[in-house]
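**Q** Got a sequence here, can you model it:
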Amino acid sequence: MIAEIERTLQQHRPTVFLLMRRYLERNKPLLLRSDLVDEFESFCNTDEGRILRGTILDVMIHRAQEAVVQSSATYVALRSGVARWLFVHIDADTLHCREADLSEFLAAKENLVDGWHQNGDWVLEVDLGPFERDFPRLRETRSIGRGVDFLNRHLSGRLFEQLGKGDQRLFDFLRLHQVQGQQLMLNDIVRNLEELRRALREALALLGGQPTGTDWRVVEHDLRKLGFEPGWGDTTDRITESMGLLSDIIEAPSPDQLALFLARIPMIFSIVILSPHGYFGQANVLGKPDTGGQVVYILDQVRALEQEMYRSIRGQGLDIEPQILVVTRLIPEADDTGCDRRTEPITGTRNARILRVPFRDHNGEVIPQWISRFKIWPYLERFAGEVEKEIQAELGGRPALIVGNYSDGNLVASLLSRSLGVTQCNIAHALEKSKYVYSDLYWRDHEQEHSFACQYTADFIAMNTADFIITSTYQEIAGTEESVGQYESYCAYSLPGLYRVVDGVDIFDPKFNIVSPGADTETFFPFTETNRRSPELRSRVAELVYGPQTEAARGELPGESSGERKPLLFAMSRLDRIKNAAGLVEWFGRSPELQKEAHLFLIGGHIDPDQSQDNEEQEQIRLIHDLFDRYDLENKVRWIPLQTEKVLVGELYRFVADTRGAFVQPALFEAFGLTVIEAMSSGLPIFATRYGGPLESIEHGVSGFHLDPNHGDEAARQMAEFLRTAREDAAVWQRISEGAIRRVEERYTWKLYASRMLALSRVYGFWRYISNIEREETQRYLDMFYGLMYRPLAERVLAGSRAETSDVPAGLAAP
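**A** Model (predicted):
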């Protein structure tokens, strides 16, 4: 490709010089893909530029993700496929081109940063590639996100090889399992693999003479004499299936048999789920700073996991109460949220509970007030140490699985997993590096408010220590043809003055798995199921939507009984820049066509900016008020504060569906979008951002529509056109509504999620056991990186926080 680019550059030198000048005249040394493509397309529409259409330069520009444009040279980063990169250097004077390596490209970006000039200075390069050269990797991009399937194939082949050599690790693994002092699976009568073979043959012969459905206790004594303990199944039929699978695996393991057998092993009796930041509780927390969809996700996750654990444990023939702890921060100044209580039972579960552990300062004093998620890094190590003691006291021992959430929870999960020797699962929810363009390169500009250098370092460590990572969508890992995946962005990046990553997170690692969450079907059900709907609840919703303007609500829409009622466009989110609620209000205000077809109903934040503790939210609140005034929206838009009552929110979706309206998710980026799933399950057509999870959860034109938040006028036209067509033909709205319900039922349920999550936990627990030596070298490297890089960065966050509240200067240099 380089040679072909070179020929084209030389063949069309005058024209290419004109194009390069146009890029330079943008006065932006860093150009994104959209900048490159827009300028190229504009140039190709001129007489001078038309000749470049269809050349290799056309291909190059449309594959480019970014470019460093300077008067002396241009560097272009080409992405020919998922995690497939080519870096091209083009000399500005001669237009000769050559391939550049990754380090050279990153160095070119670093040299753009004010206050950071290499001048031959040594740069710390982080490269994990040499540590895991022999580690199994996916090869095909279509396999990304299905790591467990690959791992089962790899494990079965490896087991075949090990068993052939008399390796005892499978046998040893089966003897590991105990619960509450009770030995499971195998006892000391069976001493090696060969004896296990004989015992299985005798046991299968014994079981073959039992009537169908015989309780396992009938044969308990006879099986124990052969060397088998409880855990194989609740009936003789299930025990026969489990033992038959193991016998086949010992003879000649296959991926399917291994997956089925591991799914039956009694391994998961207790789970710890970590979510330190924000206000984690069940009442009056949603809408608080740093508190939103993650809380809803985890609470629904816990309920589904507990139900699946009960089902699984009973199927194994055991009478054990599963335990799930959600560990978060205890906040003494908790208002009316209950976040100052040490423990709290989780509603809708039998035994799951919230465990709160406080943050402490260097003197051991409890920190009473809320702390932003961007400023909690100095407290996490001590927090992890206290959590370790607390969870073992609560559970009576180690958990079987530790699940981290978001950057802070994932780092704490890494520390606990390392200390306790427990399987670690990460869930990112949202990676800030994807939200804030070039926030890694210009990390210094964000330090006072966001402390991204510390967060991205924590992300890097936690991603590489996790046994498995679950994501809601494929693009979260690997992006699309046009955009880089969130995890892919951690393959290579630079924090100038700190370090440069040249081989970081490998998205072809089999640790990545797609496990999409669902909606609570007790709360979010189709609007057509009128027998399940409460008339009283509907009246409350009608008052929220059509009530009078007050200090707690802005805008007053024509009532239900008036002849001016229109379909409702409904949007609900936190009020921050990324969620783009103010952008939606502006699209609506600038579109007479959309105003003709619908009213806008917005739920989010506070109406009074002084009621918010968050600076960004205050800014967005003031902006929305300004838009009301600028576009005269008082009788066209209704805006109320964020609603935290779950059943009320469920009826809100259905109420909007009654009006034949739609749900709008206008975010600049949305990692998954649980509100999208909730709205779809209620039967609402969806208009959602094409950047992030909704690109996969919504089938465009079938269950909803994708919109581009960067082109608001087109998004408004798209919504107006659908509503106009639906007004003229009711079947149009009905078809999309039914498609939305069908999509959720097929793909997004918590039952599917929980079953998949526990299956992954068993497979990766087994994988951790038989391959622990192979990742120890990487772990040692990351331990050093944690101590020498993360800790000083966390201390600087603390110093910066002190400087904001006292006269003491921050005074910490970069490590």
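
**Q** where exactly do the strands run in the stretch 651-800 of the chain?
**A** 662-665, 686-689, 705-707 (DSSP state E, counting those that start in this stretch).

**Q** Packed most tightly, which of the ones you listed would that be?
**A** Mean neighbour count, computed with mean count of other CB atoms under 10 Å, is highest for strand 662-665 among these, reaching a mean of 28. C-betas here are computed from N, CA, C, even on glycine.

**Q** Grab the CA positions of that strand and hand them over as PDB.
**A** Once side chains and other backbone atoms are set aside, the C-alpha atoms of strand 662-665 remain, and they are given as PDB (Å, rounded to 0.1, in the frame of the first residue of the first chain):
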ATOM      1  CA  ALA A 662     -40.900   7.700  20.900                       C
ATOM      2  CA  PHE A 663     -37.900   7.600  23.200                       C
ATOM      3  CA  VAL A 664     -34.800   9.600  22.300                       C
ATOM      4  CA  GLN A 665     -31.300   8.900  23.500                       C
END
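
**Q** what sits up against that strand?
**A** Residues outside strand 662-665 that contact it (CB atoms under 8 Å, 6 or more residues apart in numbering) are 567, 569-571, 573, 584, 598, 653, 656, 673, 675-676, 679-680, 684-689, 694, 719, 722-723.

**Q** All the helices of the stretch 601-750 of the chain, residue numbers only.
**A** Defined through DSSP state H, counting those that start in this stretch, the helices belonging to the stretch 601-750 of the chain, from first to last, are 615-631, 646-658, 674-681, 694-697, 712-728, 730-747, 750-771.

**Q** List the buried residues for the last one?
**A** Put plainly, it is helix 750-771. When burial is assessed from 16 or more other CB atoms under 10 Å, helix 750-771 yields the following buried residues: 750, 752-768, 770-771.

**Q** Make sure I have this right: residue 272 is in a strand.
**A** Yes: secondary structure assignment (DSSP: H, G, I helix; E, B strand; the rest coil) places residue 272 inside a strand.

**Q** and the gap between the residue nearest the centre of the chain and residue 393?
**A** Central residue check for the chain by CA atoms, centre = their mean: the C-alpha nearest the mean position is that of residue 429, 2.9 Å away. Computed as CB to CB, to the nearest Å, the residue 429 to residue 393 distance reads 28 Å.

**Q** likewise residue 766?
**A** Using CB to CB, one gets 28 Å for the distance from residue 766 to residue 393.

**Q** now do residue 155
**A** Taken as CB to CB, the spacing of residue 155 relative to residue 393 amounts to 35 Å.

**Q** Those two - which one has more neighbours?
**A** residue 155 (24 against 10; other CB atoms under 10 Å).

**Q** Would you agree the more buried one is in contact with residue 768?
**A** No: with contact defined as CB atoms under 8 Å, residue 155 and residue 768 do not form a contacting pair (11.6 Å).

**Q** re earlier: could you identify which of the helices of the stretch 601-750 of the chain is most buried?
**A** Highest mean neighbour count of the helices of the stretch 601-750 of the chain: helix 674-681, a mean of 28 (counted as mean count of other CB under 10 Å).

**Q** counting contacts, what elements does that one pack onto?
**A** The contact analysis (3 or more CB pairs under 8 Å, 6 or more residues apart in numbering; DSSP states H and E) places helix 674-681 against helix 293-315, helix 646-658, strand 662-665, strand 686-689, helix 694-697, helix 730-747.

**Q** By mean pLDDT, show me the worst of the ones you listed.
**A** Lowest mean pLDDT within the helices and strands packed on helix 674-681: helix 694-697, at a mean of 90.
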